[in-house]
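Trainee: Sequence and computational prediction follow.
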Amino acid sequence: MALIIRVLLAIYASLMMLATWQTKKTNLSWLNYLTNLVAIVLLVATFLAWPNFVILSILSLVAFQILAVVRGLLLHDFHWQHHLVRLLVTIVLIWLIVSV
C-alpha cells in the first residue's frame, strides 16, 4: 500500500507541474514557480524514508491547496466546486498517508 501511495503522489505532482506549464497565459508566473517547486518537493519526498515522506508530502499537499485558492482569488476566477473537490482529494490522500 505504501508503494501505491507514493506512485499516486508522484503522478499527482507530475500532473500539477503539467498544469502550470499549460497556464503560461497568466501574469502570475511566480505562482507557477511556487507550484512547480512544491511539485518537485513532493516528487523528491516519494523517494525518502517514511517519516520524512509523511511530513513533506502532507506539507506539499497543503501547499497545493493554498496555492490553488490564491490563484483562483488573484485571477478573479474562483470556482468553489473545483476547490471543494480538490480539498476532498487532498483529505483522502492525507488520510491514506497517515493510515499506512
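Mentor: In hand now; what should we look at?

Trainee: what are the phi and psi angles of residue 12?
Mentor: phi -60, psi -50 (degrees, to the nearest 10).

Trainee: Hmm, it is touching residue 42, no?
Mentor: Yes: assessed by C-beta atoms under 8 Å, residue 12 is found in contact with residue 42 at 7.3 Å. No exception for glycine: its C-beta is placed from N, CA and C like everyone else's.

Trainee: ok, the two, which is more surrounded?
Mentor: Taking other C-beta atoms under 10 Å, residue 12 and residue 42 do not tie; residue 42 has more neighbours (24 against 21).

Trainee: How much space separates the more buried one from residue 50?
Mentor: 15 Å (C-beta to C-beta, to the nearest Å).

Trainee: where does the protein have low pLDDT?
Mentor: Counting by pLDDT under 70, the chain has low-confidence residues at 24-26.

Trainee: All the helices of it, in order from the start?
Mentor: 2-22, 29-45, 50-74, 80-99 (DSSP state H).

Trainee: I'd like to know which elements the longest one is packed against.
Mentor: Contacting helix 50-74 under the criterion 3 or more C-beta pairs under 8 Å, 6 or more residues apart in numbering; DSSP states H and E are the following elements: helix 2-22, helix 29-45, helix 80-99.

Trainee: Any chance you could spot the residue sitting in the middle of this structure?
Mentor: residue 64 (3.9 Å; C-alpha atoms, centre = their mean).

Trainee: That one is in contact with residue 35, isn't it?
Mentor: Yes: contact criterion C-beta under 8 Å: residue 64 and residue 35 qualify, at 7.2 Å.

Trainee: Need the overlap of contacts for the two.
Mentor: Common neighbours of residue 64 and residue 35, counting by C-beta atoms under 8 Å, 6 or more residues apart in numbering, are residue 16.

Trainee: Give me the neighbour count for residue 28.
Mentor: 17.

Trainee: Distance check, it against residue 68.
Mentor: 12 Å.

Trainee: For stretch 30-42, list the C-alpha coordinates in CSV.
Mentor: Output of stretch 30-42 as CSV, limited to C-alpha atoms (Å, rounded to 0.1, in the frame of the first residue of the first chain):
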residue,chain,number,x,y,z
TRP,A,30,5.6,33.4,-9.5
LEU,A,31,2.7,31.2,-8.6
ASN,A,32,3.7,28.8,-11.4
TYR,A,33,7.2,28.7,-10.0
LEU,A,34,6.0,28.1,-6.5
THR,A,35,3.6,25.3,-7.7
ASN,A,36,6.5,23.7,-9.6
LEU,A,37,8.7,24.0,-6.5
VAL,A,38,6.1,22.3,-4.3
ALA,A,39,5.7,19.6,-7.0
ILE,A,40,9.4,18.9,-7.0
VAL,A,41,9.4,18.7,-3.2
LEU,A,42,6.6,16.1,-3.4
